[in-house]
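1. Structural data only, the sequence is not supplied:
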């Protein structure tokens, strides 16, 4: 009876929740209907117009006459404002000086933190810690909303498998399963459960769709792939973000099936709205409508109509909607219902945010004490330590002892401004310590830190300028490479151990930062070789925004710690890991190639008809391989070392077969075989051995972060159901086909235990 009462109570609560939601939707519809009836065509088109303030420019166009347009009701939103007083003034113009007093949205690329900056997204993904990742987005929303921002252009969920592409730094790597988990976590972090709370902001899922597959890794380039591949490998993170409730979606710059995404009705209407049920509004990327002219889709009036008819609701900066749609309406190229629908979606977003009730809710300046606090910076520091990936640790060189002397050498060793990485547009880039300063603070008088720059970022001075934009200059040293190296070697000779802080600058990745050579830049690599040649122990602290080619480094450098760009507390976090106060636990979410010729590279590839077998050499004539290098990555997906070591038992299955609607469990015992407590990220992969279409050699289907004390063993269990085995077949039906499967469990995608089972 008690169970029955509880069940009835839960059912009543659920029904009450639905009833409340329906009532709220009805109230919103009534309000928006009434507002739309009052609006002129120009005011409706104004709501579809997103302009830039000019504070932060991420494209070639800058909006003009913004104040007059706001007062005339010709602006629906502003982006790139970062000062709460300016935001309040702009909102005041909209709600006090325009005819209908419709409030503005204020958007910003709050990509991995606002003032308190967390590691770049690619780094965050290497933590495999969904709780921490969601929390990083929550902190970003708390801070951004306190400064007037109510809309972030994040998360970026594009699957990326070509490390030449600079924007790989902004996403979560190569895997759709992991990418989907992170996409949903980020949306939850930004939006919370209720938009009526002042600290919640609109998320914007980008870039829809397939942007991470740009040909040759060159930004803004063409993308072309089969729909089977879209649905199975590239769509899942977008879909997961939509299912998590993402309020807005941004179009991508690339074309899909020969039609730029911004004007692709199949993408924006058929897939996004009809198949996935998306209810929010779609915004373009920066001037994406105008850029369709260069794609060869017509003049501004033509491409603007194409975009609106496809299901794109808001035009970022280009002003194609406000400049041409009225004429297209007269010519019958656009229907008034299409305009009304787009306008309604934007008004509904503002209604849900509570802006019609209180347009100044986020710009009163009364929450400034919540921004960049010591507590939030400590969260960022802890988060960064989870993202670092220990790639090599020969003879347990790390962790370092707090004694003797250390030579800290490299152009990135004493640069505060590069620590936060790309897309940290609102970061306090000079208020946090550099690596040198953090190490000195950590060791005090225990260790003597000897510093030398050692080299410039690169031999090419113009490349260095282009790689250190937005106030991130490394202040190029006028001395010759030989002079810089000589000083570094002298410093090294006075020290017990060398820590080389090398790699990319923050703007060597990100938008418009594609590279054909993804190794450590030339003069830095020469410096590293000279340091290794001293015979002193060398630790490479690698700053990177992408997978890099490290074949020489892996062969010659005893220890390599990839620290990505760790955010505002990166320096302190690096010190924590170098000296063993924190045991590294990060695992790669992108495969690291041996050389750039292997790209694109990813673990979940398919077999060819002539694959290498276990008995083949790495080169076998008339098989699918290279003459000069093996097919394997230098470091595989899921790879990462620890100061601890772990062993895995064989897999124990609860059954060897199961029927649809049922499940089996797979269990391994993981043992910490070292004398140090650690965290292991245990990964589950499956393979469908025979399918109606070809299937990948491995697919990630689960993972667990497990803390294991020294000498301790823990059982780790995964549940496998029919849903874990589903894929989109050649008819784009989501199915699980009966047959034989393999299951793999291990610490990375390469080093695994395996077993077999059957789906009946």
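-> On my side now, so go ahead. Quantities reported herein were computed from a predicted structural model and do not represent experimental measurements.
2. give me the low-pLDDT residue ranges for the stretch 51-200 of the chain?
-> Applying pLDDT under 70 to the stretch 51-200 of the chain flags residues 54-61.
3. Show me where it has its strands.
-> With strands called from DSSP state E, counting those that start in this stretch, the stretch 51-200 of the chain shows them at 77-79, 105-108, 151-152.
4. What is the last one packed up against?
-> Think strand 151-152. strand 105-108, helix 130-146 (3 or more C-beta pairs under 8 Å, 6 or more residues apart in numbering; DSSP states H and E). C-betas here are computed from N, CA, C, even on glycine.
5. Now tabulate the strands of the stretch 51-200 of the chain in a markdown table and tack on mean neighbour count and distance to residue 51.
-> A markdown table is the format used below for the strands of the stretch 51-200 of the chain (neighbours: other C-beta atoms under 10 Å; distance: least, C-beta to C-beta, whole Å):
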| stretch | mean neighbour count | distance to residue 51 |
| --- | --- | --- |
| strand 77-79 | 24 | 6 |
| strand 105-108 | 27 | 11 |
| strand 151-152 | 26 | 14 |
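6. Select, out of those strands, the one closest to residue 356.
-> For the strands of the stretch 51-200 of the chain, the distance to residue 356 is smallest for strand 105-108, at 12.2 Å, taking C-beta to C-beta.
7. ok, that closest one: who's next to it in the sheet?
-> strand 77-79 (parallel), strand 151-152 (parallel) (DSSP bridges).
8. Adding distance to residue 750, write these out as JSON lines.
-> JSON lines is the format used below for those (distance: least, C-beta to C-beta, whole Å):
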{"stretch": "strand 77-79", "distance to residue 750": "43"}
{"stretch": "strand 151-152", "distance to residue 750": "36"}
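9. Show the model's pLDDT score for residue 465.
-> In this model, residue 465 is scored at 95, pLDDT.
10. And it, which helix or strand is it part of?
-> helix 461-466 (DSSP states H and E).
11. neighbouring contacts of that helix?
-> Contacting residues not belonging to helix 461-466 are listed as 456, 457, 458, 474, 476, 505, 507, 521 [C-beta atoms under 8 Å, 6 or more residues apart in numbering].
12. and if you look at stretch 647-657?
-> 664-671, 673, 743, 745-747, 753-760.
13. Any buried residues in the helix holding residue 465, and which?
-> Residues 463, 464 are the ones in helix 461-466 that count as buried (16 or more other C-beta atoms under 10 Å).
14. tell me the contacts of residue 102?
-> 35, 43, 47, 73, 76, 94, 95, 347, 350.
15. got the domain boundaries for this protein?
-> 1-38, 41-100+261-372, 374-590, 644-759 (automatic domain parsing).
16. Adding distance to residue 225 and neighbour count, write the contacts of residue 102 out as JSON lines.
-> Below are the contacts of residue 102 laid out as JSON lines (distance: C-beta to C-beta, whole Å; neighbours: other C-beta atoms under 10 Å):
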{"residue": "35", "distance to residue 225": "42", "neighbour count": "18"}
{"residue": "43", "distance to residue 225": "41", "neighbour count": "20"}
{"residue": "47", "distance to residue 225": "35", "neighbour count": "32"}
{"residue": "73", "distance to residue 225": "42", "neighbour count": "23"}
{"residue": "76", "distance to residue 225": "34", "neighbour count": "33"}
{"residue": "94", "distance to residue 225": "42", "neighbour count": "22"}
{"residue": "95", "distance to residue 225": "45", "neighbour count": "18"}
{"residue": "347", "distance to residue 225": "36", "neighbour count": "25"}
{"residue": "350", "distance to residue 225": "36", "neighbour count": "21"}
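17. Return the member of those residues nearest to residue 597.
-> For the contacts of residue 102, the residue nearest residue 597 by C-beta to C-beta is residue 76; the value is 46.8 Å.
18. The closest one contacts residue 46, doesn't it?
-> Yes. With contact defined as C-beta atoms under 8 Å, residue 76 and residue 46 form a contacting pair (6.1 Å).
19. can you pull the buried residues of stretch 447-459?
-> Buried residues in stretch 447-459, defined by neighbour count with 16+ other C-beta under 10 Å: 447, 449, 450, 451, 452, 453, 454, 455, 456, 457, 458.
20. what's the answer for stretch 717-726, then?
-> In terms of neighbour count (16+ other C-beta under 10 Å), stretch 717-726 has its buried residues at 718, 720, 721, 722, 724, 725.
21. Nearest the geometric middle of this protein, what residue?
-> The chain has residue 171 as the residue nearest its centroid, 2.5 Å off, counting by C-alpha atoms, centre = their mean.
22. Angles on the backbone of that residue, please.
-> Dihedral pair for residue 171: phi -110, psi -160, per degrees, to the nearest 10.
23. For it, give me its contacts.
-> Contacts of residue 171 (C-beta under 8 Å, 6+ apart): 121, 122, 125, 156, 157, 158, 159, 160, 179, 212.
24. Tell me which helix or strand comes right after the helix or strand where residue 25 lies.
-> Taking DSSP H and E as the definition, residue 25 sits inside helix 2-38. As assigned by DSSP H and E, the chain's next helix or strand after helix 2-38 is helix 41-47.
25. Check which helices and strands that following helix sits against.
-> Against helix 41-47 (3+ C-beta pairs under 8 Å, 6+ apart) you get helix 320-330, helix 336-352.
26. Which one of the ones you listed lies nearest to residue 418?
-> Once the helices and strands packed on helix 41-47 are compared by C-beta to C-beta, helix 336-352 is nearest, at 35.7 Å.
27. circling back to that earlier point, quick one: which of the helices and strands packed on helix 41-47 is nearest residue 104?
-> helix 336-352 (8.4 Å).
28. same for that closest one, what does it pack against?
-> helix 2-38, helix 41-47, strand 105-108, strand 281-283, helix 300-310, helix 320-330.
29. Rebuild these as JSON lines, extending it with distance to residue 600.
-> Shown next, in JSON lines, are these (distance: least, C-beta to C-beta, whole Å):
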{"stretch": "helix 2-38", "distance to residue 600": "43"}
{"stretch": "helix 41-47", "distance to residue 600": "40"}
{"stretch": "strand 105-108", "distance to residue 600": "31"}
{"stretch": "strand 281-283", "distance to residue 600": "28"}
{"stretch": "helix 300-310", "distance to residue 600": "28"}
{"stretch": "helix 320-330", "distance to residue 600": "33"}
